[in-house]
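Chemist: Got a sequence here, can you model it:
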Amino acid sequence: MTDTRDIEAAIYERLSRVIDPELGRSVTDLGMIAAIDATPAPDGGDGNRDAYDVTVHVELTVPGCPLSETITNQINGAVASYPDATLTPHIEVGSMSRDKLDDLVADLKAERKQNPFNKPGIRTRIFAIASGKGGVGKSSVTANLAATFAALGYDTAAIDADIYGFSLPRLFGVHTQPTNLNGMLMPVTAWGVKLISIGMFAGADRAILWRGPRLQRSLEQFLSDVWWGEPDVLLLDLAPGTGDMAISVAQALPNAELVVVTTPQPSASDVAVRSGLVALQVPMKVRGVVENMSFYEHKGEKLRIFGEGGGERVSEQLTEALGYDVPLMAQLPLEPELRETGEAGRPAVLDADGALRGDGIGAEFRALAERLMTA
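Modeler: Prediction:
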């Protein structure tokens, strides 16, 4: 019969591959596994394999952790799939003591210390989605692009930096607040995307009248006081125009790349150029232009309801003004489903199971995401 201590050690090693979905670290590294007790099963097994009951004592970071079921399911799977004996898992869930949690949060904060996206060698690609004016579908583009990145397997995060007109919580169907881990916030995950927005907090339905330093501080808090881990992609949904938040993003995230969203008509494209010209004043590269609502397809015919040429005009003018190529990266169709599905809380690029659609708008956003990641 196998020594129970060997089984306990083997299970602990297997649990080192179980990752806390919020913190992005293994449950063993985080000190969440308080004890593992293996005892021979009363029936002794089937004669070919020894059988054991294995009790895993789990300490979650906070009582009622919203992802506790995910964590315990992974632990159950790690124990039950042990190859050398028949193990029956028993998970006992508690929560960390205040002192243990304080030590963990202090270690995590000491590891990060500051804005994690403004460090040498950071591998996160950061795309700030901007527009010259409201009503061009910038937030819808952000939400669907974020969902596309996540569906393609990228670790994806999104910040709703449109403090006055936040809309990402609604577009992702989020109705919960971030978990507060002793002053460090865990972003809410929806459709595979880690999200933070002022709209997730109590009283956010009121008008917000922030300016200047307080507005900049909100972005700093979203960057520094939220545990993001190390995402592959970070998207920021900026407020329309070229105001304080755009400048704050450029200062806090000089490695961010600007993506300008416009619609075809001159009244939108002329203003969109100004949002891209902010790159002349701050260290931010304009990655490209997205023309939204380019056409409506009806019985095989593309109807140009809002005219045409806006995306090309923005691309050409920014290329000339900035001195480098600012391509027109996508021309997205006008689809009622984008609004209807988005307002119901699911990005339209995803099917009901959360998989990326292979046709229509799903294919358009996949091509856009792949193009953004190629350079």
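Chemist: For Ala9, I want the exact helix or strand it lies within.
Modeler: Using DSSP states H and E, Ala9 maps to helix 4-15.
Chemist: Contacts for that helix next, please.
Modeler: Residues outside helix 4-15 that contact it (Cβ atoms under 8 Å, 6 or more residues apart in numbering): 26-28, 33, 36-40, 52, 54, 56, 75, 78-79, 82, 84-85, 87. To be clear about C-beta, it is placed using only N, CA and C from the backbone, and glycine gets the same treatment.
Chemist: just stretch 261-278 next, same as before
Modeler: Contacts for stretch 261-278 (Cβ under 8 Å, 6+ apart): 129-133, 136-138, 141, 240-242, 246-247, 250, 258, 260, 284, 286, 289-294, 304, 306-311, 313-314, 317-318, 321-322, 326.
Chemist: show me where pLDDT drops low in the stretch 1-150 of the chain?
Modeler: Along the stretch 1-150 of the chain, segments meeting pLDDT under 70 span 1-2, 44-48, 64-66, 110-115, 120.
Chemist: so where do the helices sit in it?
Modeler: 4-15, 68-80, 98-112, 138-151 (DSSP state H, counting those that start in this stretch).
Chemist: Output these as JSON lines; include the columns distance to Thr179.
Modeler: What follows is those, written out as JSON lines (distance: least, Cβ to Cβ, whole Å):
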{"stretch": "helix 4-15", "distance to Thr179": "22"}
{"stretch": "helix 68-80", "distance to Thr179": "11"}
{"stretch": "helix 98-112", "distance to Thr179": "12"}
{"stretch": "helix 138-151", "distance to Thr179": "20"}
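Chemist: How far off centre is stretch 179-188?
Modeler: Chain-centre distance of stretch 179-188: 15 Å, with Cα atoms, centre = their mean, to the nearest Å.
Chemist: Report the angle between the helix holding Ala9 and helix 68-80.
Modeler: Relative orientation of helix 4-15 versus helix 68-80 (axes from the mean of the first three to the mean of the last three Cα atoms, to 10 degrees): 130 degrees.
Chemist: now helix 4-15, how far from the chain's geometric center?
Modeler: The answer for helix 4-15 is 34 Å, by Cα atoms, centre = their mean.
Chemist: So Asp102 sits against Asn182, correct?
Modeler: Yes: judged on Cβ atoms under 8 Å, Asp102 makes contact with Asn182 at a distance of 6.4 Å.
Chemist: quick one: buried residues of the helix holding Ala9?
Modeler: Using 16 or more other Cβ atoms under 10 Å as the test for burial, helix 4-15 gives Ile7, Glu8, Ala10, Ile11, Arg14, Leu15.
Chemist: For the first one, give its distance to Thr88.
Modeler: Here the criterion is Cβ to Cβ, to the nearest Å. By it, Ile7 lies 12 Å from Thr88.
Chemist: Over to the third one?
Modeler: From Ala10 over to Thr88 the distance is 15 Å, taken as Cβ to Cβ.
Chemist: one step back: now do the shared contacts for Ile7 and Thr88.
Modeler: Tyr52, Val54.
Chemist: Mind jotting down where the strands sit in the stretch 51-200 of the chain?
Modeler: Using DSSP state E, counting those that start in this stretch, the strands assigned to the stretch 51-200 of the chain run over residues 51-60, 86-95, 125-131, 156-161, 179-181, 184-186, 188-190, 193-197.
Chemist: Make CSV out of these and add mean neighbour count and distance to Phe222.
Modeler: As requested, those are exported to CSV (neighbours: other Cβ atoms under 10 Å; distance: least, Cβ to Cβ, whole Å):
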stretch, mean neighbour count, distance to Phe222
strand 51-60, 19, 25
strand 86-95, 16, 27
strand 125-131, 24, 13
strand 156-161, 27, 5
strand 179-181, 16, 14
strand 184-186, 21, 9
strand 188-190, 22, 13
strand 193-197, 26, 5
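Chemist: where does the stretch 201-350 of the chain have low pLDDT?
Modeler: Under the criterion pLDDT under 70, the flagged ranges of the stretch 201-350 of the chain are 202-218, 241-247, 250, 267-268, 270, 279-282, 338.
Chemist: one more time with 90, if that's ok
Modeler: The stretch 201-350 of the chain contains residues with pLDDT under 90 at 201-230, 238-256, 258, 262-286, 292-311, 313-314, 316-318, 320-323, 330-345, 348.
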